[in-house]
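1. Would you be able to build a 3D model of this:
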Amino acid sequence: MKVARFYAPGDIRIEEAPEPSPGPDEVKIRVHACSTCGTDLKIFRHGHHHIDPPRVIGHEIAGEVVETGAEISGWEAGDRVQVIAAIPCGECADCRRGWRTICPNQLSMGYHFDGGFAEYMIVPQRVLRVDGLNRIPEGLSYAEASVAEPLACVLNGQEFAQVGEGDVVVVTGAGPIGCLHVRLARARGAAAVYLVELNRGRLDMAADIVKPDAVICGSETDPVQAVLDLTDGRGADVIITAAAAGKAQEDGLKMAARRGRISFFGGLPKDNPIIACDSNLVHYRELTIYGANGSSPEHNKRALELIATGAVPVDDLITHRLKLDGVLDAIDTVASGEAIKVTIEPAAS
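-> Got it, this is the predicted structure:
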């Protein structure tokens, strides 16, 4: 079978590998769709401290069960499934409190285990024991199901920041995550959603699909003043920084209304993680700053339902579909900013 293996920064190889066999407590799937994300680009450029190469990467996975181990029950060949990416241990103090997104023992598909840029892959027992293999609802395509993983992360962030009815929401970053934030905020009852992005072409492409209530190009205007103008000086109830930029986080504090919530959804580069925070803004306006770290198995299940019911459409966000041989082209396309979502379809190889 074909796989895409990461060996070192700048070195991902499409090569032949033996088809895997499941252990007694594992499930083997044929991968029909594995969507790419910005993390795949980071891995390609810089590697990752959790990856011990060579490793098959890809973590937004949907496929079809083809074989189960002798100890497996409840799954059989032909079942259509989506696989979680972040795998909590389910046993630590944080997991027992229901905080599975911050499990200190978390492992990940495509990092600690071979991922979805392959024709076939093994779903490890670690995934199964936390109920991390999900049935794809009837009528949902594999490509759409693969987007459940990033939507699950978005769902975690918005639930934590309590996005809800009547909120004015600002989303900074017009990539796939930003687009999902726009749509989920609408589904959660936001009164208005504004999209901020530095790159005019990327902003226009995203806005044409998700149609925010207003667009703000940060390279052409001051986004803080633009949000204040749009809200008659009040500011936004929720600001979600879906961009790896310290300035976006700093601006988020400045454009927040009193009692506003700011979600630092996008992490910052490890060599430059410090921002300037006006503590008096937080103090006098009673602002709340939230982190956002991945998703839980439960978030993945609910994300699939949101997509299947049409509450958060994703099919039109998949702007490019490539075969497994096109993984490097997919990563280049992600880097160029010319796509919203790029999906690899190994079963079509």
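2. Could you report the distance from Phe265 to Val169?
-> According to C-beta to C-beta, to the nearest Å, Phe265 stands 12 Å off from Val169. Backbone N, C-alpha and C define where each C-beta goes, glycine included.
3. same check, this time on Arg183
-> Distance from Arg183 to Val169, by C-beta to C-beta: 11 Å.
4. how about the helices in the stretch 151-300 of the chain?
-> 176-187, 200-210, 223-230, 246-254, 279-285, 297-308 (DSSP state H, counting those that start in this stretch).
5. doesn't Phe6 make contact with Ile51?
-> Yes. Contact status for Ile51 versus Phe6: in contact at 6.5 Å, counting by C-beta atoms under 8 Å.
6. Identify the contacts common to the two.
-> 43, 57 (C-beta atoms under 8 Å, 6 or more residues apart in numbering).
7. Of these two, which one has the most company?
-> More crowded of Ile51 and Phe6, by other C-beta atoms under 10 Å: Phe6, with 25 against 15.
8. which element is the more buried one on?
-> Assigned by DSSP states H and E, Phe6 belongs to strand 2-8.
9. and that strand, what other elements does it pack with?
-> When contacts are defined as 3 or more C-beta pairs under 8 Å, 6 or more residues apart in numbering; DSSP states H and E, strand 2-8 sits against strand 11-16, strand 55-56.
10. For Leu228, see how far away the most centrally placed residue in the chain is.
-> When C-alpha atoms, centre = their mean is applied to the chain, the residue found nearest the centroid is Pro150 (2.4 Å). Remark: distance between Pro150 and Leu228 (C-beta to C-beta) = 30 Å.
11. returning to that earlier point: report the distance from the strand holding Phe6 to the chain centre.
-> 21 Å (C-alpha atoms, centre = their mean, to the nearest Å).
12. and the angle from it to strand 11-16?
-> 150 degrees (axes from the mean of the first three to the mean of the last three C-alpha atoms, to 10 degrees).
13. Show me what strand 2-8 is in contact with.
-> Contacting residues not belonging to strand 2-8 are listed as 12-17, 43-44, 47, 51, 53-58, 114, 117-119, 324-325, 327, 344, 346, 349 [C-beta under 8 Å, 6+ apart].
14. Would you mark the buried spots in it?
-> Residues of strand 2-8 classed as buried by neighbour count (16 or more other C-beta atoms under 10 Å): 2-6.
15. what's the domain layout of this structure?
-> The chain breaks down into these domains under automatic domain parsing: 2-151+295-348, 162-291.
16. possible to save the ones you listed as a markdown table with mean pLDDT?
-> As requested, the domains of the chain are exported to a markdown table (pLDDT from 0 to 100):
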| stretch | mean pLDDT |
| --- | --- |
| domain 2-151+295-348 | 97 |
| domain 162-291 | 97 |
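17. now for the helices of the stretch 151-300 of the chain, which one comes closest to Ile84?
-> Nearest to Ile84 among the helices of the stretch 151-300 of the chain is helix 297-308 (5.0 Å), distances taken as C-beta to C-beta.
18. now the helix or strand just after the closest one against helix 176-187, angle please.
-> Once helix 297-308 ends, the next helix or strand along the chain (criterion: DSSP H and E) is strand 318-322. Interaxial angle, strand 318-322 versus helix 176-187 (the same axes, to 10 degrees): 140 degrees.
19. Parallel or antiparallel, list what pairs with strand 318-322.
-> The strands that strand 318-322 pairs with in its sheet are strand 341-344 (parallel) (by DSSP bridges).
20. which neighbours do Phe265 and Val169 share?
-> In contact with both Phe265 and Val169: 181, 240, using C-beta under 8 Å, 6+ apart.
21. Apart from its neighbours in sequence, what residue is nearest Glu149?
-> Glu60 (4.4 Å; C-beta to C-beta, 6 or more residues apart in numbering).
22. Please give me every residue in contact with Ala152.
-> Taking C-beta under 8 Å, 6+ apart, one finds 84, 295-296, 299-300, 302-303 in contact with Ala152.
23. Recalculate using a threshold of 6 Å.
-> Residues in contact with Ala152 (C-beta atoms under 6 Å, 6 or more residues apart in numbering) are 295, 299-300, 303.
24. ranking these by neighbours, who comes first?
-> Ala303 leads those on contacts (other C-beta under 10 Å) with 28 neighbours.
25. Report the contact partners of the residue nearest to Ile57 when sequence neighbours are not counted.
-> Sequence neighbours aside, Gly110 is the residue nearest to Ile57 in space, at 4.5 Å (criterion: C-beta to C-beta, 6+ apart). Shown in contact with Gly110 (C-beta under 6 Å, 6+ apart): 57-59.
26. which of these has the most neighbours?
-> That'd be Gly58 among the contacts of Gly110, by other C-beta under 10 Å, with 31 neighbours.
27. can you tell me which residues contact that one?
-> 34, 110, 115-117.
28. Of the residues you listed, which belong to strands?
-> Cys34 (DSSP state E).
29. would JSON lines of the helices of the stretch 151-300 of the chain with distance to Gln162 be doable?
-> What follows is the helices of the stretch 151-300 of the chain, written out as JSON lines (distance: least, C-beta to C-beta, whole Å):
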{"stretch": "helix 176-187", "distance to Gln162": "12"}
{"stretch": "helix 200-210", "distance to Gln162": "22"}
{"stretch": "helix 223-230", "distance to Gln162": "19"}
{"stretch": "helix 246-254", "distance to Gln162": "16"}
{"stretch": "helix 279-285", "distance to Gln162": "16"}
{"stretch": "helix 297-308", "distance to Gln162": "15"}
